[in-house]
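*Asks:* predicted model and sequence below, questions to follow.
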Amino acid sequence: MSGPVVVGVDGSQSGMAAVETAAQEADRIGVELRLTHAFAWSSDQVSPGVPPWDQGGAGACRVVKGAMAEARRWALRAAPDVRVTQEVLMGSPVAVLESGSRDACLVVVGNHPTGRTGSLRPDSVAGQLAAHGRSPVLVVRGRPDPSGPVVLVGGHGQEVPAAVEFAYAEASARGADLLVLDSTTVRNGRARKGFADSLSVQREKHPDVVTHHARVRRGLRRALIETSTRAQLVVVGSRSRGRLAGALLSPVGRAAQRHADCPVAVIPLSKG
C-alpha cells in the first residue's frame, strides 16, 4: 500500500479510539499517520467583530490544538514508532475526509452510534465515507476479539478483488486466520467466479494465512453480525460509485457498517 493512513480527529471518545486503531494500522503497513481535523462554522453564529474562522476569539484555536495534541499522544502511545503529521482544514468532516481519501491508503473514522441499538446512521460521517470514499474506509466500532479471525464477506453481489487482497493482507499482518463467509445463492455467476479466482490468487500469495470457508445458505446478514462478535475485523467490498453510491450499497454491506460488533473495512472497486 502507498499513501498515508488518514484519521478524523474530533476530540470524542470514539474519535480517539479511531486514532489508536489508525496508528496501529499505519505502523503495521509502514506508512505515515495523518491526523485530520475538519473545522466548519456557520456565519450566522459569528459575533460582530469576530473573525469567522474563530467564533470564540482564541478559544476555538485552543480547543483544536488541544484535540490534536491529545490525538497525537494517543497515536504514539499505540504505535511509538509511527510518523505522525497533522492538518486542520476548513469544511465539513465528510468533505474533508473524502478529499483526503484520494491519496490515502486507508481512512479511519470512529463510530457515533445513535439509539439503544448502537446502529450507524446512513447520514453519519462514517456511513457517507463508506459509500463515497475513494480509498478503503475503516469504521472503528464494537469490541474486536484480538484472538479472532479476519472475516471476509462474499456472496452479496459486491465482491471486489481489492477486498480479498485487503482481507488477506490484514490477516497476514495480524497473524490471524481468515474466515470467508459466502452465500450459496449468488445470481451473478461471473461475479462468483471472479471472487473464487481472487481467493485463489491471494491464498497463494499469503501461504501463512489459514483460510476457513463458511457456506451460508440463508441469512448472510445475520451470520455476519453473529460472527463479528468473535472477530478482529470484518471486510466487505463495494462496487458503488459516485454521489448516489449510498443507495447502491448492498444490504449486507449496510448491515456490517451499522451492526457489526467489531471494526468494519469497506473496500471500493477502485479509487476514483
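*Replies:* Great, that's in hand.

*Asks:* please state the offset of the helix or strand of the chain with the lowest mean pLDDT from the chain centre?
*Replies:* Of all helical and strand segments in the chain, the minimum by mean pLDDT, DSSP states H and E falls on helix 125-132, at a mean of 73. Here the centre of helix 125-132 is set off from its chain's centre by 9 Å, with CA atoms, centre = their mean, to the nearest Å.

*Asks:* got the CA positions of that helix in CSV?
*Replies:* Provided in CSV are the C-alpha atoms of helix 125-132 (Å, rounded to 0.1, in the frame of the first residue of the first chain):
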residue,chain,number,x,y,z
VAL,A,125,-19.6,10.7,8.6
ALA,A,126,-18.7,7.0,8.7
GLY,A,127,-21.7,6.0,6.7
GLN,A,128,-21.2,8.6,4.0
LEU,A,129,-17.4,7.9,3.7
ALA,A,130,-18.1,4.2,3.4
ALA,A,131,-20.4,4.9,0.5
HIS,A,132,-18.4,7.7,-1.2
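
*Asks:* low-confidence bits of the chain, can you list those?
*Replies:* Applying pLDDT under 70 to the chain flags residues 1, 41-60, 112-123, 131, 133, 155-159, 184-192, 239-249, 270-272.

*Asks:* quick one, longest helix in it?
*Replies:* Longest helix in the chain, counting residues (DSSP state H): helix 59-78.

*Asks:* can you give me the buried ones in that one?
*Replies:* Using 16 or more other CB atoms under 10 Å as the test for burial, helix 59-78 gives 60, 64, 67, 68, 71, 72, 74, 75, 78. Every C-beta, even on glycine, is put in place using the N, C-alpha and C of the backbone.

*Asks:* which strands and helices sit next to that helix?
*Replies:* With contacts defined as 3 or more CB pairs under 8 Å, 6 or more residues apart in numbering; DSSP states H and E, the packing partners of helix 59-78 are helix 13-29, strand 33-39, strand 84-90.

*Asks:* would you turn these into JSON lines with distance to residue 257 and mean neighbour count?
*Replies:* Output for those, formatted as JSON lines (distance: least, CB to CB, whole Å; neighbours: other CB atoms under 10 Å):
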{"stretch": "helix 13-29", "distance to residue 257": "14", "mean neighbour count": "22"}
{"stretch": "strand 33-39", "distance to residue 257": "20", "mean neighbour count": "22"}
{"stretch": "strand 84-90", "distance to residue 257": "25", "mean neighbour count": "15"}
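
*Asks:* list phi and psi for the residue positioned nearest the centre of the chain.
*Replies:* Nearest to the geometric centre of the chain sits residue 138, at 1.1 Å (CA atoms, centre = their mean). Per-residue torsions, residue 138: phi -110, psi 120 (degrees, to the nearest 10).

*Asks:* so it sits against residue 267, correct?
*Replies:* No - the criterion here is CB atoms under 8 Å, and residue 138 misses it with residue 267 at 9.8 Å.

*Asks:* for residue 124, give its distance to residue 167.
*Replies:* Noted for residue 124: a distance of 24 Å to residue 167, by CB to CB, to the nearest Å.

*Asks:* who has more neighbours out of the two?
*Replies:* Per other CB atoms under 10 Å, whichever of residue 124 and residue 167 has more neighbours is residue 167, with 32 against 22.

*Asks:* what strand or helix carries the more buried one?
*Replies:* helix 161-174 (DSSP states H and E).

*Asks:* good, we can wrap up now.
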